[in-house]
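Peer 1: fold the following for me, if possible:
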Amino acid sequence: MFCFSSLALYLVCCPHREVLSPEQAGCPDEYLNTECCSHSDFLTVVRDLRSNDYEESQNLLWKFLRDVDLSNSEAWYLYSTGFARNINLKTSEFLASVDKRPLREARDGATQLSRLVSKGMLRLESFQQFCLWQTATRSGRQVLNVQPGECEHDVLSLYKETVANHDLLAYQLIPSLAYLPQLQLPDVSSIVVTLQIVCVGKWARQGIGTLLSILHRRSTLLRIFVLGDAEGWEELHKALQEALPSELELTGVGFEHINFEEMPQFRTYMPLGRMMLVLIHRSQYPNDCFFANSIEKAMLARILGHLLLPEDVDQIISIDVGDLLVLDDIQELWEVGSTSGDHFLAAAYAAPLQHVNAGTVVYNLKKMRQSNFTDLTLLAASYGLRKSSDHQCLRDQGILNLLSDELFLGSIGIQQSVVRFLPCKWSLFPSLDWHPAWEKPEVWPPDMVRNRRYPGIVSGDRVEHYCPDVADLLSAFAFVPLSGSRQARVREYAILGSQPE
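Peer 2: Down below sits the predicted model:
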């Protein structure tokens, strides 16, 4: 007989003590002294549930992994294979009834199902990697010396079935469902999205891919400000002429050159920064602070749009070119910025690393002008130099990170957040930075390497930025031998890292 009257009670009364206390988990007082069954006893009961109540068993397994035993291979196996089997069953049921569904319902349903099947594939990939790495860690071997067969179970055959379902949905069914008439787009004359990019020297040619990805999907007018020198401006025009596809027009797209180094606002800002820093670091201030080269000056200039751009520009999307692609209509990101409220900006953010990335930022220039954002950046620059062990001066990204730092904000009397974080789909960070073996095909079974799919592939004509959920993040580090305190940190990492959604 199981030690508790319910499996839910077991989870709240038997968590890992260094991760969560029973009291914190919500264990009733009358059960606090009840002896806990073994983990294998719990999983045996859950296994018997799987065919009868999928949702309940998945919920129980997830809480077990999160709060009780992150490194339990049996639990990860049940959780991963259960998800994949369930979504394959749903795919079969959907395919059997798709001809009876209205066109819009069929396409929407197939699209949503494709996303879930992709997640099922990813769950199985993550378990396979967890098994290989955990086996290597526990046996004292290198992961390359672990044979894939040691982690076979029935995962590979299930994986192939799941991949086949994904490809059927993504490359056959969804394309076969005729596109619905496009919804009426907003009047392009009433919406102008303003962008800010950097083009210095020959860099324009490397950055053209980002611009083309934006142009392909836009539904609005675009006003693009180009921070850079004369050579960068000239190279941008050449690159556009050479690379612009014949079917892609620039009607409604305007480019404006901002030669910021020649502007009095920028020339005034630099001595202010130098003066403030010199007052604090008379003997330690590096002579080349902020002036190393044109590209570093341009990076700093990106946070000075309130000084450098025309007064009629109230909001700007600052975006890196060359190392990212925009996979959706840029208007959606524009609307995120429009709801930023009292924040100066909205930026891509990796919560577990406590790191703001300056590559995708929506600046509220109107508020920045009204609230003297200039002084705030100078205070951040001086604070950063004072705290830096190597006395490195901050560029835009370092300053943005300080503006999200409660300790810094508190030191200057600001109690409220001034930075908002962008939703995951607009984050600059690679979607698989939490999947440590993604780019190591040598540690995958050959059949799995041949069948892997990026989890953001929804159909042949749609690729999305895949946002990892808590389970994705937790499984990425589950193979690492963990003490209780380290498991608690990994748990916190996973919960934080999946936000904002």
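Peer 1: need the helices for the stretch 251-400 of the chain, in chain order.
Peer 2: 264-280, 294-301, 305-308, 330-338, 365-370, 373-387, 396-403 (DSSP state H, counting those that start in this stretch).
Peer 1: check which residues of the longest helix along the chain are buried.
Peer 2: Identified as the longest helix of the chain according to DSSP state H is helix 103-139. For helix 103-139, burial by neighbour count (16 or more other C-beta atoms under 10 Å) applies to 106-107, 109-111, 113-136. C-beta: built from backbone N, CA, C; applies to glycine.
Peer 1: which other helices and strands contact it?
Peer 2: Judged by 3 or more C-beta pairs under 8 Å, 6 or more residues apart in numbering; DSSP states H and E, helix 103-139 is in contact with helix 73-97, helix 155-168, helix 174-176, strand 457-459, helix 470-476.
Peer 1: run the chain-centre distance for it.
Peer 2: Computed by C-alpha atoms, centre = their mean, to the nearest Å, the chain-centroid distance of helix 103-139 equals 17 Å.
Peer 1: got it, and stretch 326-345?
Peer 2: 16 Å.
Peer 1: just the C-alphas of that stretch, formatted as CSV.
Peer 2: This file holds the C-alpha atoms of stretch 326-345, laid out as CSV (Å, rounded to 0.1, in the frame of the first residue of the first chain):
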residue,chain,number,x,y,z
VAL,A,326,13.2,38.7,-37.8
LEU,A,327,10.6,36.0,-38.3
ASP,A,328,7.4,38.0,-37.8
ASP,A,329,5.9,41.3,-38.7
ILE,A,330,8.0,44.0,-37.0
GLN,A,331,4.8,45.8,-36.2
GLU,A,332,4.2,43.3,-33.4
LEU,A,333,7.4,44.3,-31.7
TRP,A,334,6.5,48.0,-32.2
GLU,A,335,3.2,47.4,-30.4
VAL,A,336,5.1,45.8,-27.4
GLY,A,337,7.0,49.0,-27.1
SER,A,338,3.8,51.1,-27.3
THR,A,339,2.7,49.5,-24.1
SER,A,340,5.9,50.1,-22.1
GLY,A,341,4.2,52.6,-19.9
ASP,A,342,6.6,54.4,-17.5
HIS,A,343,9.6,52.4,-18.6
PHE,A,344,12.4,54.0,-20.6
LEU,A,345,12.8,50.9,-22.8
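Peer 1: pLDDT on that stretch, on average?
Peer 2: For stretch 326-345, mean pLDDT is 88.
Peer 1: cool, and stretch 84-93?
Peer 2: The model assigns stretch 84-93 a mean pLDDT of 96.
Peer 1: now swap in stretch 142-153 and tell me
Peer 2: For stretch 142-153, the per-residue pLDDT averages 80.
Peer 1: tell me the buried residues in that stretch?
Peer 2: 143, 146, 148, 151.
Peer 1: I'd like the distance between the last one and residue 300.
Peer 2: Computed as C-beta to C-beta, to the nearest Å, the residue 151 to residue 300 distance reads 49 Å.
Peer 1: same deal with the third one?
Peer 2: Here residue 148 is placed at a distance of 49 Å from residue 300 (C-beta to C-beta).
Peer 1: also the first one?
Peer 2: Here the distance between residue 143 and residue 300 works out to 42 Å (C-beta to C-beta).
Peer 1: what's near enough to touch the closest residue to residue 210 other than its chain neighbours?
Peer 2: Using C-beta to C-beta, 6 or more residues apart in numbering and skipping residues adjacent in sequence, the residue nearest residue 210 is residue 321, 4.1 Å away. Residues in contact with residue 321 (C-beta atoms under 8 Å, 6 or more residues apart in numbering) are 197, 198, 199, 203, 206, 207, 208, 209, 210, 211.
Peer 1: what's the answer for residue 358, then?
Peer 2: Here residue 358 is in contact with 299, 302, 303, 318, 320, 347, 395, 396, 397, 400 (criterion: C-beta under 8 Å, 6+ apart).
Peer 1: can you list the domains in this structure?
Peer 2: Domains of the chain are assigned by the TED database as 49-179+446-497, 189-368.
Peer 1: in JSON lines: those domains, plus distance to residue 41.
Peer 2: Listed next are the domains of the chain as JSON lines, based on distance: least, C-beta to C-beta, whole Å:
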{"stretch": "domain 49-179+446-497", "distance to residue 41": "12"}
{"stretch": "domain 189-368", "distance to residue 41": "33"}
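Peer 1: mean pLDDT lowest where, among those domains?
Peer 2: domain 189-368 (a mean of 83).
Peer 1: chain center to that one: distance?
Peer 2: With C-alpha atoms, centre = their mean as the basis, the mean position of domain 189-368 lies at 20 Å from the chain mean.
Peer 1: now do stretch 81-95
Peer 2: Worked out by C-alpha atoms, centre = their mean, stretch 81-95 lies 27 Å from the chain centre.
Peer 1: name the residues that touch it?
Peer 2: 50, 54, 57-58, 61, 109-110, 113, 116-117, 119-121, 123-124, 127, 153-155, 158-159, 161-162, 165, 168-169, 173.
Peer 1: do the same with stretch 48-60
Peer 2: Residues contacting stretch 48-60 (C-beta under 8 Å, 6+ apart): 7, 8, 11, 46, 78, 79, 82, 83, 86.
Peer 1: buried among those residues? Make that a ChimeraX selection.
Peer 2: Of these, the buried ones go into a single ChimeraX selection, burial set by 16+ other C-beta under 10 Å:
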select :7,11,46,78,79,82,83,86
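Peer 1: distance to residue 336 added to the contacts of stretch 48-60, as CSV?
Peer 2: CSV is the format used below for these (distance: C-beta to C-beta, whole Å):
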residue, distance to residue 336
7, 41
8, 38
11, 37
46, 40
78, 38
79, 33
82, 35
83, 30
86, 33
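Peer 1: nearest to residue 426, of the contacts of stretch 48-60?
Peer 2: For the contacts of stretch 48-60, the closest approach to residue 426 (C-beta to C-beta) belongs to residue 83, at 26.6 Å.
Peer 1: report the separation between the closest one and residue 62.
Peer 2: 10 Å.
Peer 1: could you report the neighbour count for residue 443?
Peer 2: For residue 443, the count of nearby residues is 18 (other C-beta atoms under 10 Å).
Peer 1: do I have it right that it meets residue 143?
Peer 2: Yes - judged on C-beta atoms under 8 Å, residue 443 makes contact with residue 143 at a distance of 5.2 Å.
Peer 1: what sits in contact with each of the two?
Peer 2: residue 132.
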